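In: need the 3D shape of this:
(2 chains)
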There are 2 protein chains.
Amino acid sequence: MATTKLLVDIHTHVYLPRYANMLRARSSVPKIMTTTIDGKEQDRLLILDHEPSGGRPVGPQYWDRDQKLVFMDQHGIDVSVVSTANPWLDFLPASQAHSLALELNTDLEQYCSTGPNVTSSSIKRLYGFGLLPLVPEITTASLLEAVKQISDFPHLKGLIMGTRGVGKGLDDEALDPVWAAIEAAGLVVFLHPHYGVDGKAWGGKDNGHVLPLALGFPFETTTAATRLILSGVFDRFPKLRLLLAHSGGALPQLSSRLASCIDHDPVVASRLKHDARFYVGKLYLDAVAYGPEELGFVSEILSRANRYESGSLSTEPADRKLGSKRVLFGTDHPFFPPLSSTQKWKSVVDNLDAIDSVQGWTEEDKSGVRGTNALALFNIS
Amino acid sequence: MATTKLLVDIHTHVYLPRYANMLRARSSVPKIMTTTIDGKEQDRLLILDHEPSGGRPVGPQYWDRDQKLVFMDQHGIDVSVVSTANPWLDFLPASQAHSLALELNTDLEQYCSTGPNVTSSSIKRLYGFGLLPLVPEITTASLLEAVKQISDFPHLKGLIMGTRGVGKGLDDEALDPVWAAIEAAGLVVFLHPHYGVDGKAWGGKDNGHVLPLALGFPFETTTAATRLILSGVFDRFPKLRLLLAHSGGALPQLSSRLASCIDHDPVVASRLKHDARFYVGKLYLDAVAYGPEELGFVSEILSRANRYESGSLSTEPADRKLGSKRVLFGTDHPFFPPLSSTQKWKSVVDNLDAIDSVQGWTEEDKSGVRGTNALALFNIS
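Out: Alright, predicted model coming up:
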């Protein structure tokens, strides 16, 4: 198959068996617990305190590689770049996080390397994002050891991380050596939410998981990326490649407001080299937005980096084709399963339909978003 | 002047003298305090506990009607629909909130009615959004009395409200009689943020007001509007006209994600009459977004109501022209003043330039966003 036709899923999660077993052995959140519902035993995953609806049902699709491949085949997905799902190692003491990060990265490399190839191709069907032991009191040496390990594994193409860093968020200067090492290794950072915002914002009504998932997750990603921009990380590490989950959350829509607020605040107005929209335009976004207008829009936002580079006189209109090069298909599997059994998952079909329906993207742009952008970003060939 | 050329500012605030005097007399937040900075006395406004940078400087532009008119003249603004700035009456006991609401609505009617007319026109230069005593322990009768008062004042065209309702948020069924009265009176509800999200999200760095203003404000508006949708308010009151501050915050970009999360959650999947994007498409949004791509995008989102109406078979592409009818120019004056003295305010120029630069809007659409949409929405002629 020509690589221009490959469908590549860059937002797809796993709880590796070692990780799932650890969750099963825990008595506090995060944990996997077995409950009996309507006389049937069911594993349920609780990843946050006070989680609505008693957590969510989980099964082999969360840890079994064969199930991942079945899902991929069902949806015509040729290649998946798999990442551990939240909350990663956030809740563990430093020593345990250190050893488990190295073990999970080794497990994930094996998960990928021993898996199948794309038919008649040297390309594997599974690649991975490793993880770092990003917890309080971890040493920089430990973090750098994990970066080195990931960069040495041929099938790990980046690393997934949450928003807490080593306890003070990602705008913590203590992380500068880590960003430097990631940048030097050419690894992609996949920034993914977990905590959302303070649950009091959701009020007293039972709306299931809708508010924390639909709003809390994107708010968290938006906040973390904005704090990164404000901290000057992208001025210090201009080649750092950051991929934001869920199409960047709310950051694209709020990016001109962010630039204006920076302009109007004496504390930060002179801090950064460029307008905030320059940095936003240098990001990569997954295409997990569920609507064509949303995808068309983020591709406009991603095309504005030149206009907002310091000293630029460009007044070029936004260019969806240009911006589409930084947008990459994803499914969020095994989350968002259909409520009733269907051949294909609605969440996946919606995201594929959205790509297909974007006004202003050519067939080549759409093929890029479906797969070739990812192959280029992760240097997969 | 032809009304098609009028520039109408629907997002512009005042602390009426009665309100400013109350803030000045207070010893706890919100308050106006006089401090000496570099040997000069300066009034500073504190509206939130732990506000960064010791609050913000305030002066006559916050309360003096002549200053509002000077600002309008400087920027070619013909008509302003003025609203009390946050935090309104949220912090007052019910009895005081009740009487002050009625007094402030009377003051605002006078502020508008005794002001000038647009040259050679019956149109006034000042109209207003009244306010309700939305505080815990207020009676429904008190709220309905204020709705009646506002609807009887000829120059008050709607009411501004925050997100707390009578203490439990806007998805509280206790507000149903209020929505019913507002809908029956044909008043526009201007939903505006104040609290943002829990400040811990912003981390430990000093970024001035950037994070709470650029992100916290839109997050709060997005959450409140989403909770309103989920509560079925728009199914019960389909003619309720809701105008969201700051171009709807993050709701447009997250609207398909919201629809997908609802579809996939057994708690809410069957609750509403329509797809969430139907309700989003029925909103009105101000044009306070600071960028042309953002405005073009929200006009696409606003054009999708038909596509997402229950039973619709429409597959029409988004129509920026159609959606533009629900977008209305605003300045956020007297907030976002320039850091150094300029003839025109950058925040205003940016928003006007953004309207002018939207791809896919005709000159007529742009005139609509600048003024004629507002004249129609508020029935001003």
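
In: how about the contacts made by residue A:199?
Out: Residues in contact with residue A:199, defined by CB atoms under 8 Å, 6 or more residues apart in numbering or on different chains, are A:50, A:212. (C-beta placed from N, C-alpha, C; glycine too.)

In: that one and residue A:212, how far apart?
Out: 7 Å (CB to CB, to the nearest Å).

In: and the longest helix seen in chain A, how far out from the chain middle?
Out: Taking DSSP state H as the criterion, chain A has its longest helix at helix A:94-113. Helix A:94-113 sits 18 Å away from the centroid of its parent chain (CA atoms, centre = their mean, to the nearest Å).

In: which is the next helix or strand following that helix?
Out: For helix A:94-113, the following helix or strand on the C-terminal side (DSSP states H and E) is strand A:126-130.

In: low-confidence ranges in chain A?
Out: By pLDDT under 70, the low-scoring segments of chain A are A:1, A:53.

In: ok, back up a step: other SSEs contacting the longest helix of chain A?
Out: Under the contact criterion of 3 or more CB pairs under 8 Å, 6 or more residues apart in numbering or on different chains; DSSP states H and E, helix A:94-113 touches helix A:17-25, strand A:79-84, strand A:126-130, helix A:140-152, strand A:156-161.

In: out of these, nearest to chain B?
Out: Closest to chain B of the helices and strands packed on helix A:94-113 is strand A:156-161 (CB to the nearest CB; 15.6 Å).

In: for the closest one, packing partners?
Out: Applying 3+ CB pairs under 8 Å, 6+ apart, we find strand A:156-161 packed against strand A:79-84, helix A:94-113, strand A:126-130, helix A:140-152, strand A:188-191.

In: in the longest helix of chain A, which residues are buried?
Out: Residues of helix A:94-113 classed as buried under the neighbour-count rule (16 or more other CB atoms under 10 Å in any protein chain shown) are A:94, A:97-98, A:100-102, A:104-109, A:111-112.

In: that helix vs helix A:140-152, what angle?
Out: Helix A:94-113 runs at 0 degrees relative to helix A:140-152, counting by axes from the mean of the first three to the mean of the last three CA atoms, to 10 degrees.

In: who touches residue A:271 in this structure?
Out: Contacts of residue A:271 (CB under 8 Å, 6+ apart): A:230, A:232, A:262.

In: list the contacts of stretch A:135-152.
Out: By CB under 8 Å, 6+ apart, stretch A:135-152 touches A:89-90, A:92-94, A:97-98, A:101-102, A:105-106, A:130-134, A:156, A:158-159, A:166-167, A:174, A:177-178, A:181-182, A:185-187.

In: my bad, stretch A:336-349
Out: For stretch A:336-349, contacts defined as CB under 8 Å, 6+ apart pick out A:61, A:71, A:74-75, A:290, A:331-333, B:260, B:263-264, B:266, B:269.

In: strands along chain A, start to end?
Out: Counting by DSSP state E, chain A has strands at residues A:8-14, A:31-37, A:40-46, A:56-58, A:79-84, A:126-130, A:156-161, A:188-191, A:241-244, A:284-286, A:327-328.

In: could you check how far the residue nearest to residue A:164 when sequence neighbours are not counted is from chain B?
Out: Leaving out its chain neighbours, the residue that sits closest to residue A:164 by CB to CB, 6 or more residues apart in numbering or on different chains is residue A:90, at 6.1 Å. As judged by CB to the nearest CB, to the nearest Å, residue A:90 and chain B stand 16 Å apart.

In: and for residue A:61?
Out: With distances taken as CB to the nearest CB, residue A:61 is found 15 Å from chain B.

In: please verify my assumption that that residue contacts residue A:85.
Out: No - judged on CB atoms under 8 Å, residue A:61 makes no contact with residue A:85 at a distance of 11.3 Å.

In: when those two are compared, which one has more neighbours?
Out: residue A:85 (24 against 18; other CB atoms under 10 Å in any protein chain shown).

In: so who does the closest residue in space to the more buried one that isn't next to it in sequence touch?
Out: Closest residue to residue A:85 apart from its sequence neighbours, by CB to CB, 6+ apart: residue A:13 at 3.7 Å. For residue A:13, the contact set (CB under 8 Å, 6+ apart) comprises A:62, A:82-85, A:332-335.

In: and for residue A:114?
Out: Per CB under 8 Å, 6+ apart, neighbours of residue A:114: none.

In: for the closest residue to chain B within the stretch 51-200 of chain A, give its distance to residue B:196.
Out: Nearest to chain B, among the residues of the stretch 51-200 of chain A, is residue A:198, at 3.7 Å (CB to the nearest CB). Distance, residue A:198 to residue B:196, by CB to CB: 11 Å.

In: tell me which of these two has more neighbours.
Out: Between residue A:198 and residue B:196, counted using other CB under 10 Å, residue B:196 has the larger neighbour count: 21 against 13.

In: could you check how far the more buried one is from chain A?
Out: Taken as CB to the nearest CB, the span from residue B:196 to chain A is 10 Å.

In: ok, how many other residues are close to the nearest residue to residue A:247 once chain neighbours are set aside?
Out: Spatial nearest neighbour of residue A:247, chain neighbours left out: residue A:289 (4.0 Å); criterion: CB to CB, 6+ apart. Using other CB under 10 Å, residue A:289 has 31 other residues around it.

In: same question for residue A:306.
Out: 13.

In: isn't residue A:266 right up against residue B:208?
Out: Yes - judged on CB under 8 Å, residue A:266 makes contact with residue B:208 at a distance of 6.8 Å.

In: and these two? which has more neighbours close in?
Out: Taking neighbours as other CB under 10 Å, residue A:266 and residue B:208 compare with residue B:208 leading, 20 against 10.

In: need the residues of the stretch 101-250 of chain A near chain B, please.
Out: Contact residues (CB under 8 Å from any CB of the partner chain) of the stretch 101-250 of chain A with chain B: A:168-169, A:171, A:197-198, A:200-211, A:213-215, A:218-220, A:222-223, A:226-227, A:230-231, A:246-247, A:249-250.

In: which of those are buried?
Out: Buried members of these, counted by 16+ other CB under 10 Å: A:169, A:171, A:197, A:201-203, A:205, A:207-211, A:213-215, A:218-220, A:222-223, A:226-227, A:230-231, A:246-247, A:249-250.

In: dump the residue contacts of residue A:299.
Out: Residues in contact with residue A:299 (CB under 8 Å, 6+ apart) are A:320-324, A:326-327, A:358, A:360-361.

In: same question for residue A:327.
Out: Residue A:327 touches A:247, A:284-287, A:295, A:298-299, A:302, A:368-369, A:373, counting by CB under 8 Å, 6+ apart.

In: next one: residue A:163
Out: A:169-170, A:191, A:193-195, A:220-221, A:223-224.

In: out of those residues, who has the most neighbours?
Out: residue A:224 (28 neighbours).

In: right, and that one touches residue A:168 too?
Out: No - the pair residue A:224 / residue A:168 is not scored as a contact, 11.9 Å apart, by CB under 8 Å.

In: what angle sits between the longest helix of chain A and helix A:17-25?
Out: Using the same axes, to 10 degrees: helix A:94-113 against helix A:17-25 is 130 degrees.

In: and the contacts of helix A:94-113?
Out: With contact meaning CB under 8 Å, 6+ apart, helix A:94-113 is reached by A:14, A:16-19, A:22, A:65, A:82, A:84, A:89, A:92, A:124, A:126-128, A:130-139, A:142, A:145-146, A:149-150, A:153-156.

In: just want the angle from that helix to strand A:79-84.
Out: Relative orientation of helix A:94-113 versus strand A:79-84 (the same axes, to 10 degrees): 160 degrees.
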